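Undergrad: Predicted model and sequence follow; I will ask about them next.
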Amino acid sequence: MRFRFVLFIAALSAVAGCSCDRKGPKYIEEGEIHYTLNYLGPLAVPVEFLPKNLTVTFKGDKILFELISPYGKSGITNLANPEEGIYDTYYTFFSRKYYYAAKENEVFPGFSSMDGMILSKTEKTAIICGYNCQNAEIKLASDTSKVYNVWYTDEIGIKNSNSSNPFSQIDGVLLSFFFKLGTTELFFEADAIYKKDVPDKTFERRKSFKRVSKDDINKFITAMISF
């Protein structure tokens, strides 16, 4: 119980202390969200070589998640373009380029450590980057004594923003959340949100990537970040 209380206080402190850069109108249907990223747990490589930020580019129901390291442009990209039936995960490690094409409503690869998680929505609220946010508490099947807090808003116009990630039960845009990849936890906090014109070609399928199986792309993603 004490551990849960400490986690809750830490989450509130992080949200309350969030400084965010927001440009343009509050309700937007096209633009970018930038998140800071922190890691907890064993890492496959020194943290200096891992992505330090997450960028989400969106336009209606088209979404691009880019988790890219400054070294060799290595990283993971998720692309959802329902109009074209594209639900791709791209893995880049220097000259190695692979992708997996998922089906609609299929959870993107890499999240097997979050299978069977328990999500409970609460009455708690917070303001992040000027947006009113609701809260959900998460317990993972691997350790139900540990409680994670995620915060989300319905004031940003991304449609079905979580249909391909483990938080599909949440109808809102995540502004403070986590992922678990292998044995490593990744914590994301929005620090910039702004409206911008996004060309449609941003959401086209990438070329020069070799198509592989879901098992293969899972192995690549886990090996990149976690032991």
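TA: All right, it came through fine. In this text, all values refer to a predicted model and were calculated from it rather than measured experimentally.

Undergrad: Now do the helices in this structure.
TA: 2-16, 214-225 (DSSP state H).

Undergrad: and those helices, which one's lowest on average pLDDT?
TA: Least confidently modelled of those is helix 2-16, at a mean of 43 by mean pLDDT.

Undergrad: So I68 versus E189, what's the distance?
TA: Taking C-beta to C-beta, to the nearest Å as the measure, I68 falls 18 Å from E189. Bear in mind the C-beta positions are built from the backbone N, C-alpha and C, glycine included.

Undergrad: okay, these two: which has more neighbours?
TA: E189 (21 against 17; other C-beta atoms under 10 Å).

Undergrad: what are the bridge partners for that one, then?
TA: T36, S176 (DSSP bridges).

Undergrad: can I assume it is in contact with I33?
TA: No. Under the criterion of C-beta atoms under 8 Å, E189 makes no contact with I33, lying 10.8 Å away.

Undergrad: so what sits against both of these two?
TA: L175 (C-beta atoms under 8 Å, 6 or more residues apart in numbering).

Undergrad: give me the number of residues near D143?
TA: As a burial measure, D143 scores 8 neighbours (other C-beta under 10 Å).

Undergrad: To clarify, my last question referred to Y27.
TA: By other C-beta under 10 Å, 11 other residues sit near Y27.

Undergrad: Quick check on it: phi, psi?
TA: Main-chain dihedrals, Y27, degrees, to the nearest 10: phi -90, psi 120.

Undergrad: begin at 394 from here
TA: Fine by me, first position is 394 from now on; the one you just mentioned is Y420.

Undergrad: Now do the contacts for it.
TA: Y420 touches 548-550, counting by C-beta under 8 Å, 6+ apart.

Undergrad: same deal with N611?
TA: For N611, the contact set (C-beta under 8 Å, 6+ apart) comprises 502-503, 505.

Undergrad: which one of those residues has the most neighbours?
TA: That'd be G503 among the contacts of N611, by other C-beta under 10 Å, with 29 neighbours.

Undergrad: Next one: the closest residue to that residue other than its chain neighbours relative to F572, how far apart?
TA: Among residues not flanking G503 along the chain, I614 sits closest, at 4.1 Å (C-beta to C-beta, 6 or more residues apart in numbering). From I614 over to F572 the distance is 11 Å, taken as C-beta to C-beta.

Undergrad: quick one: which of the two has more around it?
TA: I614 (24 against 20).

Undergrad: residues in contact with F560?
TA: So F560 contacts 512, 529, 543, 545, 567, 570 (C-beta under 8 Å, 6+ apart).

Undergrad: Is the second one bridged to anything, and to what?
TA: Counting by DSSP bridges, A529 is bridged to K514, V543.
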